[in-house]
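1. Generate coordinates for the sequence data below:
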Amino acid sequence: MVKTVIIEETGGPEVLKIVDREIGELGPGEIRIRHEAIGLNFIDCYHRSGLYPMKLPVALGMEAAGVVEAVGEGVSHLKSGDRAAYASNPPGAYCEARVMPAAQVCPLPDGVSFEDAASIMLQGLTVQSLFHRTTPIAKGDTVLFHAAAGGVGLIACQWAKSEGIRLIATAGSDEKCRLAEAHGADVCINYRTEDFVSRVKELTGGKGVPVVMDSVGKDTFDGSLDCLSPLGMMISFGNASGPVPPFSLGVLAQKGSLKITRPTLFAHIADHAVCQEMARNLFAKLESGAVKTNIGQRYKLDDVAEAHRALEARETTGSTIFTL
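-> Model prediction:
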């Protein structure tokens, strides 16, 4: 029996239940992994609240790191005793140990701690996909990145700097702007006190940027399109302020034959080989020091409801992990 966090109904943090469950039998293509650290992400709250519906009851959690205890038939990239980490479907990471599909579980180098891996797999692989797999971005290019002082944003600032990409950031306070700049942003615009569209045009000599990365959604969408240079790419990868309302495709033509995409990490990592290569790239950034983690909070798994409340109340900084 292993300690596991489940929900039997959707709602607030109070619906989170800690139970003892059978770990289950190991099947072909699966591993059994015992967790050392588990990541907390907003997607967990969306699953819990019902915003992203799932069949109930269900165990929560998308991200963890630990030690492989056993491998099923057909698994060749992992073996018993290996250190490993993942950010993948199906949910169920909020537990001491689990049986799960092996394809998206990645060998963890000795130079990356369990805690660091559990804090960065989902956010770090997201950044990797944005800079390497969504649209061509080369050294010397300029990218506009919204919400740059958040968990994904601070990784993106470091990632861009490490690859010679000019990153123009936005954030909601002078303090957050300083934080983004300290992590590698070339300049950060306080969107509460400045018109970010005018400032971006000023910073680019009126040309605009070839790529915008926007996880804010509704509040920044129109302005983001106005920041793009002709043939530019709008990457809308989140909706923190609400979903983008329907709009006419003709707008993209009027603003310069713009392109737009709405990627998800889980589509990018669905292929086993691609997922493993993305993880190796992320771990190399961590081992070289080009990207550093920022763990702001550590909770015991027994305190999962408290952790969810803190995250939703915006009381956390950096990443949050559970320890066992």
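2. Walk me through the domains of the protein.
-> 2-123+266-323, 135-262 (automatic domain parsing).
3. Ends of the last one, what's the gap?
-> Across its full length, domain 135-262 reaches 12 Å between end residues, using C-alpha to C-alpha, to the nearest Å.
4. Would you mind checking the average pLDDT for it?
-> Regarding domain 135-262, the rounded mean pLDDT is 95.
5. At which residues are the helices of the stretch 51-200 of the chain located?
-> Remark: helices assigned in the stretch 51-200 of the chain by DSSP state H, counting those that start in this stretch are 114-132, 151-162, 174-182, 196-203.
6. for these, which one sits closest to Lys255?
-> helix 196-203 (11.8 Å; C-beta to C-beta). Quick note: C-beta positions are derived from backbone N, CA and C, even for glycine.
7. other SSEs contacting that closest one?
-> strand 166-171, strand 187-190, helix 221-227 (3 or more C-beta pairs under 8 Å, 6 or more residues apart in numbering; DSSP states H and E).
8. Tell me the spacing between Ala103 and Tyr46.
-> Between Ala103 and Tyr46 the computed distance is 24 Å (C-beta to C-beta, to the nearest Å).
9. Then Thr264?
-> Distance from Thr264 to Tyr46, by C-beta to C-beta: 13 Å.
10. What of Ile18?
-> 20 Å.
11. So for the chain, the centremost residue is which one?
-> Gln123 (2.5 Å; C-alpha atoms, centre = their mean).
12. if I pick Val251, what's in contact with it?
-> Shown in contact with Val251 (C-beta atoms under 8 Å, 6 or more residues apart in numbering): Leu225.
13. actually Ser88, not the one I wrote
-> Contacts of Ser88 (C-beta under 8 Å, 6+ apart): 62, 101, 104-105, 266, 269, 275.
14. Now those residues in JSON lines, please, with extra columns for pLDDT, neighbour count and distance to Thr193.
-> As requested, the contacts of Ser88 are exported to JSON lines (pLDDT from 0 to 100; neighbours: other C-beta atoms under 10 Å; distance: C-beta to C-beta, whole Å):
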{"residue": "Met62", "pLDDT": "97", "neighbour count": "24", "distance to Thr193": "35"}
{"residue": "Pro101", "pLDDT": "98", "neighbour count": "17", "distance to Thr193": "47"}
{"residue": "Gln104", "pLDDT": "98", "neighbour count": "22", "distance to Thr193": "42"}
{"residue": "Val105", "pLDDT": "98", "neighbour count": "29", "distance to Thr193": "45"}
{"residue": "Phe266", "pLDDT": "94", "neighbour count": "16", "distance to Thr193": "36"}
{"residue": "Ile269", "pLDDT": "97", "neighbour count": "26", "distance to Thr193": "38"}
{"residue": "Cys275", "pLDDT": "98", "neighbour count": "22", "distance to Thr193": "41"}
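15. Might you specify the subset of the residues you listed located within strands?
-> Pro101 (DSSP state E).
16. What is the nearest of the contacts of Ser88 to Glu36?
-> Val105 (13.7 Å).
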